[in-house]
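*Asks:* Provided below are the primary sequence and the corresponding predicted coordinates.
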Amino acid sequence: MNAVTNDRIQAAEAALAMAGDELKHGIDPARSFERAIEAYEEALRAEPADPHALRGRATALLRRAQADADMQRDTVERWDQAIAAFDDVLRSEPGNVEARVDRSCAWSRRGQCETDHGKDPLPSCARAIADAESALRIDPSCAPAYGRRADAYHVIAERKTVLRQEALDDCRRAIADYDEAIRRGCATAEMYANRAMAHQVDGLAREPREEDSIPSFDRAIADFSEATRLDPDRPAIYGWRATVHGFKARAQALRGVDPLETWRAAIRDFDECIARSRGDACAFVYRARMRMYVAQRIAPEGRNPLPELLKAISDGGDALGLDPDLVTAYEVRGGAHKLRGDVEAAMGVDPGPSYERALADFHSARVRGSEPWTIHLATGDILKAQGKLHDAARAYQQCARNNKLTPEARAALEEQIRRMLDSR
């Protein structure tokens with residue numbers, strides 16, 4: 001290794017360490033990763049076959065893609081860059097088990113990215129499984145390889161769950177591999193968090209079969225709790241645990257169990273996520289939704305829901321302050337304004353200003369491409385309350401055209417539209 005290569009590798013390692021510190025403190029590490037990658041590239045221009053620079057560049061590209069995924073901005077191209085870098089490592093070191101395991105990770109995360117964008121992840125997951133199994137043939141005791149194979153099975157299960165296909169066998173394979181990785185000593189925060197996600201998918205896969213999903217969600221929450229114990233400063237883990245609380249609350253409500261405390265647990269987790277991150281607009285949106293659920297739950301008991309609704313409105317505003325084009329923030333803030341107007345109407349207070357703010361937010365969501373049936377339904381309810389029956393009927397008709405409505409809900413809505421039009 002010549003002096004230039006050595007200098008550039010040291011600079012890259014320092015930039016990577018800086019990126020790690022930034023992640024722990026909720027600071028965007030993008031620039032530090034770019035500096036690290038560029039320094040490794042400079043080292044490789046000086047010595048194209050240097051193994052330290054090849055491995056370092058691949059690791060930096062993988063960590064950058066993982067950080068982007070935590071911030072919900074990863075792309076297939078980012079994962080492809082990491083995979084190509086590990087290809088370079090393995091061409092020079094075919095027996096490098098660690099590089100094979102890391103490439104398996106990149107392939108499975110590529111599959112996750114494809115799933116998130118509605119694409120088929122199976123080819124990427126097959127490559128991930130092949131890399132993990134290749135690593136295990138070289139070293140059967142390699143604990144991380146079990147975890148990487150588990151990641152791929154987890155992504156396959158998640159995709160099948162979205163498509164309403166049978167996914168429990170893939171969930172079992174994923175959980176068994178995570179168990180083996182942890183048993184063999186890979187008891188990291190990441191491994192517990194990944195197993196938690198597999199338990200979450202297991203719970204979601206049980207719901208169409210009308211099986212009790214709550215035990216699976218409880219196991220996911222327990223694993224996320226262990227992950228936060230091991231890595232208390234990673235904001236995403238708190239957000240993920242909050243999401244599982246939301247799924248558990250939904251399952252409780254379907255089974256006649258009061259979900260109030262579970263929603264409140266989700267809010268506390270989003271509090272932790274937001275306190276540790278800077279710029280996570282989605283966390284504000286999700287917390288606003290939980291606050292709205294709490295408000296709707298406590299109102300029938302005579303408790304004042306307005307404080308929760310005002311906090312939800314504030315959360316929506318905070319999200320838009322971070323991302324002015326975030327459609328879900330307009331949706332959730334509009335919904336909170338609408339619920340506030342409903343409460344004010346029941347109290348004998350003029351709901352007009354709240355309803356107008358709701359309609360303005362719904363309009364902002366629609367002009368940005370959002371057309372969920374819930375917006376049309378809420379818009380119809382507001383217009384009906386304002387006595388604008390023709391406009392309300394038109395909003396309800398748009399809602400009725402949504403294919404996510406059950407036949408019973410569509411029929412009830414169409415009957416309401418007919419009565420409204422007949423009363424004109």
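*Replies:* Yep, that arrived. Numbers count the residues shown, from 1 in each chain.

*Asks:* show me what counts as buried in the lengthiest helix in the chain.
*Replies:* Counting by DSSP state H, the longest helix found in the chain is helix 3-24. The neighbour-count criterion (16 or more other C-beta atoms under 10 Å) identifies 5-6, 8-9, 11-13, 15-16, 18-19, 22-23 as the buried residues of helix 3-24. To be clear about C-beta, it is placed using only N, CA and C from the backbone, and glycine gets the same treatment.

*Asks:* the closest residue to Ala150 other than its chain neighbours and Pro144, how far apart?
*Replies:* Taking C-beta to C-beta, 6 or more residues apart in numbering as the measure, Ala150 lies nearest to Asp177, with 3.4 Å between them; neighbours along the chain are not counted. Distance of Asp177 to Pro144, given as C-beta to C-beta, to the nearest Å: 11 Å.

*Asks:* Ala130 now?
*Replies:* Taking C-beta to C-beta as the measure, Ala130 falls 16 Å from Pro144.

*Asks:* tell me which of these two has more neighbours.
*Replies:* For the pair Ala130 and Pro144, the greater number of neighbours falls to Pro144 (22 against 16), based on other C-beta atoms under 10 Å.

*Asks:* can you tell me which residues contact the more buried one?
*Replies:* With contacts defined as C-beta atoms under 8 Å, 6 or more residues apart in numbering, the neighbours of Pro144 are Glu98, Val101, Ala181, Cys186.

*Asks:* in what helix or strand does the third one lie?
*Replies:* For Ala181, the host element (DSSP states H and E) is helix 168-183.

*Asks:* just the C-alphas of that helix, formatted as CSV.
*Replies:* Output in CSV follows, covering the C-alpha atoms of helix 168-183 (Å, rounded to 0.1, in the frame of the first residue of the first chain):
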residue,chain,number,x,y,z
LEU,A,168,-46.7,-18.2,7.3
ASP,A,169,-44.1,-20.7,6.1
ASP,A,170,-41.8,-17.9,5.0
CYS,A,171,-42.3,-16.2,8.3
ARG,A,172,-41.4,-19.4,10.2
ARG,A,173,-38.2,-19.8,8.1
ALA,A,174,-37.2,-16.2,8.8
ILE,A,175,-37.9,-16.4,12.5
ALA,A,176,-36.0,-19.8,12.8
ASP,A,177,-33.0,-18.3,11.0
TYR,A,178,-33.0,-15.2,13.2
ASP,A,179,-33.3,-17.5,16.3
GLU,A,180,-30.2,-19.4,15.0
ALA,A,181,-28.2,-16.2,14.4
ILE,A,182,-28.9,-14.9,17.9
ARG,A,183,-28.2,-18.4,19.4
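
*Asks:* flag every buried residue along the host helix or strand of Glu408.
*Replies:* Under the assignment given by DSSP H and E, the secondary-structure element containing Glu408 is helix 407-422. Neighbour-count burial for helix 407-422, with 16+ other C-beta under 10 Å as criterion, is recorded at Arg410, Leu413, Gln416, Ile417, Met420.

*Asks:* output the residues you listed as JSON lines; include the columns pLDDT and distance to Lys384.
*Replies:* Supplementary listing: those in JSON lines, determined by pLDDT from 0 to 100; distance: C-beta to C-beta, whole Å:
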{"residue": "Arg410", "pLDDT": "72", "distance to Lys384": "18"}
{"residue": "Leu413", "pLDDT": "73", "distance to Lys384": "12"}
{"residue": "Gln416", "pLDDT": "73", "distance to Lys384": "9"}
{"residue": "Ile417", "pLDDT": "76", "distance to Lys384": "10"}
{"residue": "Met420", "pLDDT": "67", "distance to Lys384": "7"}
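
*Asks:* by contact count, what packs against the helix holding Ala181?
*Replies:* For helix 168-183, the contact count by 3 or more C-beta pairs under 8 Å, 6 or more residues apart in numbering; DSSP states H and E identifies helix 143-162, helix 189-206 as packing neighbours.

*Asks:* mean pLDDT and distance to Lys248 added to those, as CSV?
*Replies:* Conversion of the helices and strands packed on helix 168-183 to CSV gives the following (pLDDT from 0 to 100; distance: least, C-beta to C-beta, whole Å):
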stretch, mean pLDDT, distance to Lys248
helix 143-162, 95, 16
helix 189-206, 95, 8
